[in-house]
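**Q** this one's structure only:
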């Protein structure tokens, strides 16, 4: 019996985000006796090609096919509607004829928009994996009309105003998390960060982990660090921002640097860049902060919970589904930097509270977000799509 062939298309470049890691990890973990994963990268391999190789995945590069994107986004290889119809669509159909996949599984906005039409015209099943804003136009207009199934990473992220009902073609399936087999020692990790930055080892380290994009509000993180510093005048409070900008929001890092300077935080704020693997750094901060709004379901939030690093996040988006306030972390008002101060100070001053939160968060993350569960549910969905059976899907608690 022929294995089910799944095509995973991506845009190449320097950025490797959570959606890329989740999709590639899924592709690498599929049962090779049942499935054949094919990875395709537009323009250049970049960080996605490197990650694919690390996971033992082969990939092919489609260098010269232009892609549609939103007019306001300065992305490479951009083409308008007419160019898409005359150049991109025929080229993608030729690619599909060559690869002959049963399913095209797209994982980001630009891939959804460019691949859904050729998939349908070529007779492939299309799986739209929605990891973005619930109000995203594509998820509410294109996906309900053309996708064979929509998988959302959270109830919050499910398309909020679909042009037609999607209840029989939609699932909530959490992203996979490939947790480290051994958790880094948090004290040792903290000391290493302090030594790296020439800080005293009793310095308070507040962490931000993620791309520097508007939705994640890195500028809000800067303001929270300032608020905590003012609340703890006798402590050395430092903000550590781990992550890089992406092409669509280039310049936001400079905005954050200007804000750091204006608040007098130059000695208390550190742009750490992108790190992989990130687990030791994530284990080393005292508290991880999630100032984001409209976050579908944050990857680094769950990773921090598993590692035992306390999380304080906004009461917004998928954060509400990930954290039980006061039990596995803390949820605060999204538009008030001062709201972060009280739970952070409680965690810093009460070791028993910190241990209780960490233990509960570790147990919750391990039980709900293991990679095996995700792979099992997506595999079942692949088989149902190929068999032509439509189901209401899976809704995780």
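**A** Thanks, I have it. Just so it is clear, the model here is predicted, and its values are computed rather than measured.

**Q** secondary structure element holding residue 50?
**A** helix 46-54 (DSSP states H and E).

**Q** immediately after that helix, which helix or strand?
**A** Assigned by DSSP H and E, the successor of helix 46-54 is strand 59-62.

**Q** mean confidence for stretch 301-316?
**A** Here stretch 301-316 scores 96 as its mean pLDDT.

**Q** first-to-last residue distance for it?
**A** Stretch 301-316 stretches 13 Å from its first residue to its last (Cα to Cα, to the nearest Å).

**Q** how many neighbours does residue 260 have?
**A** Neighbour count for residue 260, taken as other Cβ atoms under 10 Å: 22. (Glycine included, C-beta is placed from N, CA and C.)

**Q** enumerate every residue touching the closest residue to it other than its chain neighbours.
**A** Counting by Cβ to Cβ, 6 or more residues apart in numbering, residue 260 lies nearest to residue 269, which is 4.6 Å off, once chain neighbours are set aside. Counting by Cβ atoms under 8 Å, 6 or more residues apart in numbering, residue 269 makes contact with 222, 225, 238, 239, 241, 260.

**Q** give me the pLDDT for residue 269.
**A** Confidence score, pLDDT, at residue 269: 97.

**Q** circling back to that earlier point, ok now the helix holding residue 50, how far from the chain's centre?
**A** Distance of helix 46-54 from its chain centroid, counting by Cα atoms, centre = their mean, to the nearest Å, is 16 Å.

**Q** tell me where the model's unsure across this protein.
**A** 1, 70-76, 246-250, 389-397 (pLDDT under 70).

**Q** what about the strands in it?
**A** For the chain, strands defined by DSSP state E occupy the ranges 4-11, 35-42, 59-62, 103-106, 125-130, 149-152, 170-172, 204-209, 237-242, 269-271, 287-290, 311-314, 330-332.

**Q** which residues in the stretch 151-300 of the chain form helices?
**A** 186-196, 218-231, 252-262, 279-284, 299-307 (DSSP state H, counting those that start in this stretch).

**Q** which other helices and strands contact the first one?
**A** Counting contacts by 3 or more Cβ pairs under 8 Å, 6 or more residues apart in numbering; DSSP states H and E, the secondary-structure elements packed against helix 186-196 are strand 204-209, helix 279-284.

**Q** format these as a markdown table; extra columns: mean neighbour count.
**A** A markdown table is the format used below for the helices and strands packed on helix 186-196 (neighbours: other Cβ atoms under 10 Å):
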| stretch | mean neighbour count |
| --- | --- |
| strand 204-209 | 25 |
| helix 279-284 | 22 |
